[in-house]
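Chemist: Test case, fold it:
(one chain, ligands or ions: 1)
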Amino acid sequence: MKRPIAHRALAGLAFALLALAGCKDRTGEAAAAASTPITPSLIPAPVDLQTSAGTFAIDGDTRLFAEGDAATRVAQQFSAYLQSAGAPALKTTREDGKGLIRFVLEAAGAEGTGPEAYTLDVTPDGITVKAHDERGLFYGAVTLWQLVTQGDKGRVTLPALHIEDAPRFTWRGFMLDPARHFQQVEDVKKVIDAMALHKLNTLHWHLTDDQGWRIEIKQYPKLTGIGGCRIPAGDGGKDPKTGEPRPYCGFYTQDQIRDVVKYAAERHITVVPEINVPGHATAAISAYPELGSIDTPLVPSNEWGVFPNLVNVEEPTITFLENVLGEVVQLFPGTYVHIGGDEAVKDQWEASAREQARMRQVGAKTEMDLQGYLVERLEKYLSTHGKRLIGWDEILEAKLPPEATVMSWRGIEGGLQAARQGHDVVMSPSNKTYLDYLQTASPNEPPGRPALITLQDVYGFEPVPAELEESQRHHILGIQANLWTEHTRTFARLQHNAFPRLAAVAETGWTPAAKKDLASFIARLPTQLKRYDAIGLGYAKTPFEPLIATEDNRKAGTAKVTLSNPLDYPVHYTTDGSEPTQTSPTFAAPLDVKLPATVRAAAFADGRALAPASTFELTPAAMLTRTDEAMGVCPDAGRLLLRLEDDGPLEGERAIFNATIFYPCWQWNQADLDGIASIKVRAGRIPYYFQLAHDEPNRNFEPAKSPLGELEILGGGCKGHTLATVALPAAPNADGFLDLEAALPAGTTGKQDLCVRFTGDTRPQMWVLDRITLQPR
Ligand code: ACM
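Modeler: You can find the predicted model right below:
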């Protein structure tokens, strides 16, 4: 029932692929004359690439040669990936010779080369990809696929070249969270293909959490039967016709899991399942209350945050968990099983006589020791099944078996400490590799956590801490990006959040640190985007769009316009309404425009606009309006700013608001109030669906002065003087919004920091600002 806002971020865009002159000659010389060889543009950058004189042209008639099952599989995968990018399938030949693409599996590699290493040679006589393990051969095929997709639909002229390549790290990971929002098997497979084409090799599957249990366990069908469904908060959880509760459900059957694991293995990706205990376990406890630490029945949660619900650590629960893991280890052939361990606030154990008695029984001095006891028991169980335990860095806070591996998420400190203690470590710090954080300051970003983690931030992350002693550095297994999905309701948004930032993770995971170069990476990205377009992979357009900042001079009827691009690609613009092209002026310094004005702009690379041109209509009225995004939150609003979406409609686009859930307050710095009679406020209302655990006392809404609270507008900042107060109604209008107007006191003038806030505890709802407009006298 809520009105959606326009959202351009995910609008489709078909790039015109650069058409290279075709050539049937496969021996080289004529091809060189007929078409220009590409300049290799690879992500991740290889260890070593040397070009030399001569070329080799590939087209639909080029044959693939492979001997033996493994090389033949790789040749077929190469051909299939070419087809997925719109090229014809390449035929194979059984006869070795010149003019071919040859996949060669050698008996042994050079001294010290790992199983993922390969070489790739292009000469005027043909192409040879060589490795001593199928994994390396596959990565060689991916590199060749990247080279060929630089052409047009499988037609390309390559320069003669030699590549020697192998990854820096053995763990190059990506975490998917189907617990908060579920991904269909087909979409998981799309992620797996995209990972493979970035040479990522580990998919961490976060299969259980407070909001849903997503893996079928035959012995405990209620885990998915009850734990697999929640009733979403607000309108999203109601049938719009009947008003009846409408559950959000999903889980993977064991057959589906086997299918995904096999699909991943064929692409040399290991799937690491996560069964999260003792916290993030509300869905499991809802299904089997005997697992819990309190007597109150629970339901799978429709809120986000940190919950107090922990499993107990009594023997029947440990047996239950062992039985679950018993099925899990049968489904996932990889070495690692993730047992979670994060954010397990201990209030329930502290208050439970049974858990206190259990602590004494097992010799645990603290509640954290009791968690350590659980981890130790699960580690023992897993090791008897030939598996290794991995958990979030909280598991370090108790005694930890030396074989346990630590995933460092609260920064790198946990990882540093763990490596020094001799544990293996995967680095996935939340401030560098969490892909649910927004990637640009654009108003076109989908919902998420608005602390920015830009592509540059992700690229700049170095997984091996400088202060880590040389002797312990081998414990850093690699890097992983995590994509939590509280705010990622659709697969389109998931792709937006993942790409292109996952390309940066891939380069850090693969390319030697000394070879990494941000400028080179950004120069290679436009080619990668063409590949994404060719295979139909979604990605964020926001890093490739222009941003605008305006400073208006109301009295003069002009505005100063600043254009920029988050990745510093040059921005070309027009002011006459026409489509900007490569020959339009490049933005270099702020423009003074007379209002009204139309500014159209796009960021360019390699002679192409990287996203459709943005159109900015600058009118005197627009200069008097600020959206929630443009205003920003109040300086003392606390740190839990979120970019949140409305709860309806059930399907389709929903309005999005930037709001601090500790204190709903927005500020327009230095608003010019000269000649302004009143202020119009458009507000929305969203569910307040957050569990803050020990952060709850930081929730600091201004007290209400009337039963339903007020809208307050202050001048001179939020500690300044009240300009207007308007009592709030019980509900918004039918469209989900509320329009209020507040007259300013006579004599209000000058530039002032305008603070707009909502008072009162209106839970389970929360008023949020959509925009404010200054109304001239
Ligand atoms: C986490 O982000 N709670 C691991």
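Chemist: Taking the stretch 551-700 of the chain, what residue is nearest to the ligand?
Modeler: Proximity of the stretch 551-700 of the chain to the ligand (Cβ to the nearest ligand atom) peaks at residue 693, 11.7 Å away. In short, each C-beta sits where N, CA and C put it, glycine included.
Chemist: can you give me the strands in the stretch 401-550 of the chain?
Modeler: For the stretch 401-550 of the chain, applying DSSP state E, counting those that start in this stretch gives strands covering 405-408, 425-427, 476-483, 547-553.
Chemist: Just say which of those strands is most tucked in.
Modeler: strand 425-427 (a mean of 30; mean count of other Cβ atoms under 10 Å).
Chemist: List the strands paired with that strand, with their directions.
Modeler: Within its sheet, and counting by DSSP bridges, strand 425-427 is paired with strand 405-408 (parallel), strand 476-483 (parallel).
Chemist: what sits up against it?
Modeler: 171, 173, 390, 405-408, 412, 415, 418-419, 433, 461, 463, 475-480 (Cβ atoms under 8 Å, 6 or more residues apart in numbering).
Chemist: Stretch 658-666 now?
Modeler: Outside stretch 658-666, the residues touching it (Cβ under 8 Å, 6+ apart) are 450, 628-629, 631-634, 636-644, 686, 688, 690, 698-702, 718, 755-758, 766-769, 772.
Chemist: how does it look with 6 Å?
Modeler: The contact list for stretch 658-666 (Cβ atoms under 6 Å, 6 or more residues apart in numbering) reads 628-629, 631, 633-634, 637-638, 640-641, 643-644, 690, 698-700, 756-758, 768-769.
Chemist: tell me the mean pLDDT for it?
Modeler: Throughout stretch 658-666, pLDDT has a mean value of 92.
Chemist: and it, C-alpha only, in PDB?
Modeler: The C-alpha coordinates for stretch 658-666 follow below in PDB (Å, rounded to 0.1, in the frame of the first residue of the first chain):
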ATOM      1  CA  ASN A 658      18.000   7.100   5.800                       C
ATOM      2  CA  ALA A 659      17.300   7.000   9.500                       C
ATOM      3  CA  THR A 660      19.200   6.600  12.800                       C
ATOM      4  CA  ILE A 661      17.400   4.000  14.800                       C
ATOM      5  CA  PHE A 662      18.800   5.400  18.100                       C
ATOM      6  CA  TYR A 663      17.300   8.900  17.500                       C
ATOM      7  CA  PRO A 664      15.200   9.800  14.400                       C
ATOM      8  CA  CYS A 665      16.700  13.200  13.600                       C
ATOM      9  CA  TRP A 666      17.900  14.900  10.400                       C
END
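Chemist: quick revisit: what's the residue of the stretch 551-700 of the chain closest to the ligand in contact with, if anything?
Modeler: 306, 345.
Chemist: tally of neighbours for residue 158?
Modeler: The tally of other residues near residue 158 (other Cβ atoms under 10 Å) stands at 25.
Chemist: re the thing from before, tabulate the strands of the stretch 401-550 of the chain (JSON lines), appending mean pLDDT.
Modeler: Shown next, in JSON lines, are these (pLDDT from 0 to 100):
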{"stretch": "strand 405-408", "mean pLDDT": "98"}
{"stretch": "strand 425-427", "mean pLDDT": "98"}
{"stretch": "strand 476-483", "mean pLDDT": "98"}
{"stretch": "strand 547-553", "mean pLDDT": "94"}
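Chemist: thought residue 303 was touching residue 688?
Modeler: No: the pair residue 303 / residue 688 is not scored as a contact, 8.8 Å apart, by Cβ atoms under 6 Å.
Chemist: Those two: who's more crowded?
Modeler: residue 688 (22 against 18).
Chemist: For beta bridges, what are the partners of the nearest residue to that one once chain neighbours are set aside?
Modeler: In space, residue 688 comes closest to residue 766 once its chain neighbours are excluded; the distance is 4.1 Å by Cβ to Cβ, 6 or more residues apart in numbering. For residue 766, the beta-bridge partners under DSSP bridges are residue 686.
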